[in-house]
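Engineer: Quick one, what's the 3D model for this:
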Amino acid sequence: MKPVALVPVYNHATTVGAVVRALHDLTLPVILIDDGSDIECASVLDALATLSATSLLRLPSNGGKGGAVVAGLREACAKGYSHALQLDADGQHDVAALPTFLAAMREMPQAVIAGFPRYDASVPTGRLLGRYATHVWVWINTLSCRIRDSMCGLRIYPLAATLPVLDMMPPQSRMEFDTEILVRLDWAGVPIRNLPVAVHYPPDGVSHFRPWRDNVRISGMHARLFFGMLRRLPKLIGRHFSSRERR
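Structural biologist: Numbers count the residues shown, from 1 in each chain. Sure, this is the predicted structure:
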């Protein structure tokens, strides 16, 4: 196994340095994906890219988190890595959880290791309610509860299983990507192991979620997945009864 950390970045100049240092403490190489950041953040990324085991993939313009992650996954594969640990640049996720995620990767190298948040009191109520709506749609579209949380920005992808699924997906660029790729990996039979991670929303944190634009895109994604689930219904039902028999 040869893991690498992917950090998509869009104007997180004040937090991305600490994220990179935490990853280096775990001896993980890092690929930073600059998704069209402003001059201040771009200069911070240029400085970080001079560090050992750190590279910078600079996209020509801001295309959204999903597009940045896709570019990072393809870059990781091209560089010969076997697994990609995706971590947001805003510092919301407790990096103390990372060793547990890496240990789970070594135990189940064929699986996606997906984080599910343990929030403190800082989480915005509207964001929490919106996530539960997505959870319900994901459970419907997989006919299961195999995915605890499809929106968490901390996860580890096995690249050999992920890239073929990625190649068959419609183009993704923004917040809907995290959910759609997990549902499609589940449809493909890739095991998903869910692990908790503490999440804190700092009062001065930078969020690029745009409620109207992103909620419309997420609603379209759920509708697309629902019709995809209907086409796969016999297979998903058979998988459900097969897993019950094994138990």
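Engineer: what's the least confident helix or strand in the protein, going by average pLDDT?
Structural biologist: helix 233-246 (a mean of 75; mean pLDDT, DSSP states H and E).
Engineer: now for it, which elements pack on it?
Structural biologist: Helix 233-246 is packed against no helix or strand, with contacts defined by 3 or more C-beta pairs under 8 Å, 6 or more residues apart in numbering; DSSP states H and E. C-beta: built from backbone N, CA, C; applies to glycine.
Engineer: List the contacts of that helix.
Structural biologist: Identification of contacts with helix 233-246 by C-beta atoms under 8 Å, 6 or more residues apart in numbering yields T142, L143, S144, W187, G189, M229.
Engineer: Neighbour-wise, which one of those residues leads?
Structural biologist: Greatest neighbour count in the contacts of helix 233-246, by other C-beta atoms under 10 Å, goes to T142: 23 neighbours.
Engineer: Over to it: give its phi and psi.
Structural biologist: Phi and psi for T142, reported as degrees, to the nearest 10, are phi -110, psi 0.
Engineer: need the contact list for it.
Structural biologist: V183, D186, W187, M229, L236.
Engineer: ok, the spatially most central residue of the chain to G66 distance?
Structural biologist: The centre of the chain sits closest to G153, judged by C-alpha atoms, centre = their mean, with a distance of 4.3 Å. Distance of G153 to G66, computed by C-beta to C-beta, to the nearest Å: 11 Å.
Engineer: same deal with M151?
Structural biologist: 12 Å.
Engineer: which residues are common contacts for those two?
Structural biologist: In contact with both M151 and G66: M175, D178, using C-beta under 8 Å, 6+ apart.
Engineer: low-scoring stretches of this protein, by residue?
Structural biologist: Within the chain, the segments meeting pLDDT under 70 span 124, 126-127, 172-173, 203-215, 243-247.
Engineer: The residue nearest to the centre of the chain falls within a helix, correct?
Structural biologist: No. When DSSP: H, G, I helix; E, B strand; the rest coil is applied, G153 is found to be coil, with no helix at that position.
Engineer: tell me the SS of the nearest residue to it once chain neighbours are set aside?
Structural biologist: Spatial nearest neighbour of G153, excluding adjacent residues (C-beta to C-beta, 6 or more residues apart in numbering): D88 at 3.8 Å. At D88 the chain is in coil, as set by three-state DSSP.
Engineer: Many thanks, we can stop here.
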